[in-house]
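Visitor: Structure, please.
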Amino acid sequence: MRPVLSAREALALDVAAQKHVPIGTLIQRAGVAVEMAVVDMLRRPGRPGSVYGKRGVVVAGKGHNGDDGRVAAYRLRRRGMRVAVVDAARAPDELPGADVVIDAAYGTGFRRTYVAPKPPPGAIVVAVDVPSGLNADTGERSGAPMTADRTVAFIALKPGLLLGDGPGLAGTVTVADIGIDPKGSQTNLVEDADVDAELPRRDRDTHKWRSGVAVVAGSPGMMGSAVLCSQAAARSGAGMVRLGVPGCAPAGLPVSEAVSTSLALRDWSDDALAMAGRCRAIVVGPGLGRDGAAGDSVRRLVAASPVPIVVDGDGLWALGEGQDAARACSLSRSTPVLTPHDGEAARLAGSGPGADRIGYARDLASSCGAVVLLKGPCTVVAEPSGQVRLVTSGSSRLATAGSGDVLSGLIGAFIARGLEPFHAASLGAHVHGRAASLGLREGLVAGDLAELAARWLSGLDSTTRGLHEQHARGRETHL
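Guide: Just a heads-up that it's a prediction; the model follows:
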């Protein structure tokens, strides 16, 4: 996991570090990191290799962010670069001609409106910690920030680099070690290596029931969701998948690897529990419909399930609104996993997510006593204790009908394989995104994802081996 620090957390660590390391030393280290980023950018393919003789402009504010930029300017001058330092408060509308612009105007604590000067055409832009004018916690832009080619973050990633406008403004993000340990972070970014480290392997003597998943999904005319969810569970390591479809005649049950069962249209919770008797996880909700027939049964199933339960799609609708949903989850014998998109989350919480998606997911997880997976370009997974994991592996390829059904099946399979719900939800979301990256850039459909997830998981050892090698060399994140 890569730690992600809020502006307040980063400031607290910075202040604590100054009891042992002079602030001037920390600024020097940060300035060196910015200098080396500039040198590296100029040596990239298609760029002239030497710093000597190049022109640079540093837009520097009055705070320590500006000090970092001034140190970088001093060191680049020693390498032969002609560097001008411009006061951020008095910067012209357009910067003078340069090969490199260093954005050191404002840092993580800035909360006002900032209109950045226009960089000269063709110049590389390197931002210090965060692009000036970007909210470090939410990713909201304020005014008109400068778009960076690279951002050099200190201590750890900041949430705003992953959320909202952050990825579009930050470019490639490098985390620079300036000698402060990002210990105690409650927010972390999921990486490939985390799946390799946490997902239990299947033992040599395993059998199908050691990772059984029960899926309660579908309804007459909405069988696709049930098929997608159960296929995803099977492809992600569920040795046995039991599928129960409310209101479906036996002749209408899908033919697949899942063992399918007809459930009554109403009052099916007891039969669903019996069907799930030897399973280690239950997924409920995809394609159940919203005619009210399923509401009581979903709530009873959530309350009575002896194993962790994933509630998705129409199952979230069935839980009710606001306090009703929280009350339904509070009765559960284990920690449920809720997987809402923004509209579903608004119904569960009583209001929709604002700019602070991490805080919103935390609050919803706490009020419901559930793991909450808030879907989005950066998926936020929160547990009631306040721990949060962020997932950025997804892309617009996943914006297709049924992809959420596949995700719920993935999570169910990972729980059945032995992961705690919080870990299963975050790793499942990461694998979901990685699976999509193996598919067609255009025309990917949800039915492709289960096999792609299996393919990505099958190649995990070679994938993570390369990632570990990258960690040893120092890391970049393309956000």
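
Visitor: how about stretch 131-141 as PDB, C-alpha atoms only?
Guide: What follows is stretch 131-141 as a C-alpha-only set of coordinates in PDB (Å, rounded to 0.1, in the frame of the first residue of the first chain):
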ATOM      1  CA  PRO A 131      -0.200  22.100  -8.400                       C
ATOM      2  CA  SER A 132      -0.900  25.500  -7.000                       C
ATOM      3  CA  GLY A 133      -4.600  26.100  -6.700                       C
ATOM      4  CA  LEU A 134      -5.500  22.400  -6.300                       C
ATOM      5  CA  ASN A 135      -7.100  21.400  -3.000                       C
ATOM      6  CA  ALA A 136      -4.800  18.800  -1.600                       C
ATOM      7  CA  ASP A 137      -7.600  16.900   0.100                       C
ATOM      8  CA  THR A 138     -10.400  16.900  -2.400                       C
ATOM      9  CA  GLY A 139      -8.900  17.500  -5.800                       C
ATOM     10  CA  GLU A 140     -11.000  20.600  -6.400                       C
ATOM     11  CA  ARG A 141      -9.400  23.300  -8.600                       C
END
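
Visitor: Now find how far off-centre stretch 179-192 is within its chain.
Guide: A distance of 14 Å separates the centroid of the chain from that of stretch 179-192, by C-alpha atoms, centre = their mean, to the nearest Å.

Visitor: now do stretch 440-453
Guide: Distance of stretch 440-453 from its chain centroid, counting by C-alpha atoms, centre = their mean, is 20 Å.

Visitor: got the contact list for that stretch?
Guide: 228, 231-232, 234-236, 397-398, 400-403, 405-406, 409-410, 431-432, 434-436, 438-439 (C-beta atoms under 8 Å, 6 or more residues apart in numbering). Where you see a C-beta, it was placed from the backbone N, CA and C, and this is true even at glycine.

Visitor: which residues of this protein score low on pLDDT?
Guide: Within the chain, the segments meeting pLDDT under 70 span 46-49, 461-479.

Visitor: Domains in it, by residue range?
Guide: 2-183, 192-470 (automatic domain parsing).

Visitor: which one of these has the most crowded surroundings?
Guide: Mean neighbour count (mean count of other C-beta atoms under 10 Å) peaks for domain 192-470 among those, with a mean of 21.

Visitor: tell me how far that one is from the chain's mean position?
Guide: 16 Å.

Visitor: which residues of the stretch 101-250 of the chain fall in helices?
Guide: Secondary structure of the stretch 101-250 of the chain (DSSP state H, counting those that start in this stretch): helices at 166-170, 192-198, 223-235.

Visitor: Let me have the ones you listed in JSON lines, adding distance to Leu444 as columns.
Guide: Listed next are those as JSON lines, based on distance: least, C-beta to C-beta, whole Å:
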{"stretch": "helix 166-170", "distance to Leu444": "20"}
{"stretch": "helix 192-198", "distance to Leu444": "20"}
{"stretch": "helix 223-235", "distance to Leu444": "13"}
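
Visitor: Of those helices, give the one that comes closest to Ser351.
Guide: Nearest of those to Ser351, taken as C-beta to C-beta: helix 166-170 at 23.3 Å.

Visitor: who touches the closest one?
Guide: Helix 166-170 has contacts (C-beta under 8 Å, 6+ apart) with 127, 130-131, 134, 139, 141, 145-148, 151, 159-161, 377-378, 392, 479.

Visitor: Just the ones in strands from those, please.
Guide: By the criterion of DSSP state E, membership of the contacts of helix 166-170 in strands covers Ala127, Thr151.

Visitor: these two touch, right, Leu134 and Ala144?
Guide: No: taking contacts as C-beta atoms under 8 Å, Leu134 lies outside contact range of Ala144: 11.2 Å.
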